[in-house]
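Trainee: 3D, please:
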Amino acid sequence: MRAGEPVRRTDLLERATLVINRSWRPVHVTTVRRALCMVFREAARIVAPDTLATFTFLEWIRRPPPEDELAIRSPSVRLAAPEVILLLHFDRVPCHEAPFTRRNLFLRDDFTCQYCGRRCNTDLLSVDHVLPRSRGGKTSWENCVLACVGCNARKANHTPKEVGLRLLRPPVRPRWTPYLNLRPSQRMESWARFAPEHKRRTASP
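Mentor: Just a heads-up that it's a prediction; the model follows:
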């Protein structure tokens, strides 16, 4: 979202907020609504990404955002939506692998057909087994990709090579990240200071 774009308060409250632990390492992503609740309960503080200064709930209210910045409004308060919060109690960085789910597969492939590169709505995409299941292919990160209706019909019960299709990139198991369940467009640029992996990915062409 950019300043100046029409936005409902409920949409802004559901926007993503990065959560970092006491060692300033990202641990997960929550919503603005939940982030404000955590700060209000004194379980976390809001971080200003530009200065790295931290704020309690009352301090944040007393720091009104610029007029051209998206903000949460009430009859008496105009409040900036936090982009990063700092936990006051330690929260370990998860080390588990990314679970193989339909949602995570859509996010890994960014809602894009891995054969023709077309971005589609979910109803126009299906999960394709690179090596068909009828030929021993497994349902796994390494053998499943998104395919649009046209490419899926063309491939049918064949391998990509047999019908002249090529994958955009090899399907791989993604590593867990705090923003695993977000589409790239939902990630904030300010997170790059706290998540180097995100910075490298967004900097690449």
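Trainee: Going by C-alpha atoms from here, please, whenever you check contacts or count neighbours.
Mentor: Fine.
Trainee: Buried residues in stretch 117-137, which are they?
Mentor: 119, 125-132 (16 or more other C-alpha atoms under 10 Å).
Trainee: Return the subset of those residues lying in strands.
Mentor: Among the buried residues of stretch 117-137, DSSP state E puts 125-129 in strands.
Trainee: Just name the closest of the buried residues of stretch 117-137 to Pro99, please.
Mentor: Val127 (15.7 Å; C-alpha to C-alpha).
Trainee: mind listing what the closest one touches?
Mentor: 102, 144-147 (C-alpha atoms under 8 Å, 6 or more residues apart in numbering).
Trainee: Model confidence for the residue positioned nearest the centre of the chain, exactly?
Mentor: The centroid of the chain falls nearest to Leu182 when counting by C-alpha atoms, centre = their mean (1.9 Å). Reported pLDDT at Leu182 in the predicted model: 71.
Trainee: residue contacts, it?
Mentor: Leu182 touches Leu107, counting by C-alpha under 8 Å, 6+ apart.
Trainee: how near is it to Leu105?
Mentor: 12 Å (C-alpha to C-alpha, to the nearest Å).
Trainee: So Arg166 sits against Val130, correct?
Mentor: No: checked against C-alpha atoms under 8 Å, the pair Arg166 and Val130 is beyond contact range at 10.3 Å.
Trainee: Which neighbours do these two have in common?
Mentor: With C-alpha under 8 Å, 6+ apart, Arg166 and Val130 have common neighbours Pro160.
Trainee: any idea where the helices of this structure begin and end?
Mentor: For the chain, helices defined by DSSP state H occupy the ranges 9-13, 32-40, 57-61, 102-108, 149-155, 196-203.
Trainee: Quick check: buried residues in the fourth one?
Mentor: So that's helix 102-108. 104-108.
Trainee: now do the fifth one
Mentor: Along helix 149-155, the positions that meet the burial threshold by neighbour count (16+ other C-alpha under 10 Å) are 151-152, 155.
Trainee: which outside residues touch it?
Mentor: Outside helix 149-155, the residues that touch it by C-alpha under 8 Å, 6+ apart are 115-116, 124-126, 128, 163, 165.
Trainee: try 7 Å this time
Mentor: Under the criterion C-alpha atoms under 7 Å, 6 or more residues apart in numbering, residues 115, 124-125, 128, 163 lie in contact with helix 149-155.
Trainee: Could you chop this protein up by domain?
Mentor: The chain breaks down into these domains under automatic domain parsing: 9-95, 102-163.
Trainee: Which one, of those, ends up nearest to Arg187?
Mentor: domain 9-95 (7.2 Å).
Trainee: what stretches of this structure score poorly on pLDDT?
Mentor: Within the chain, the ranges that satisfy pLDDT under 70 run 1-10, 91-97, 176-181, 183-184, 195-205.
Trainee: right, and Val19 touches His89 too?
Mentor: No: with contact defined as C-alpha atoms under 7 Å, Val19 does not count as touching His89 (11.8 Å).
Trainee: For those two, indicate the residue with more neighbours.
Mentor: Each of Val19 and His89 has its neighbours counted (other C-alpha atoms under 10 Å); Val19 has more, 28 against 10.
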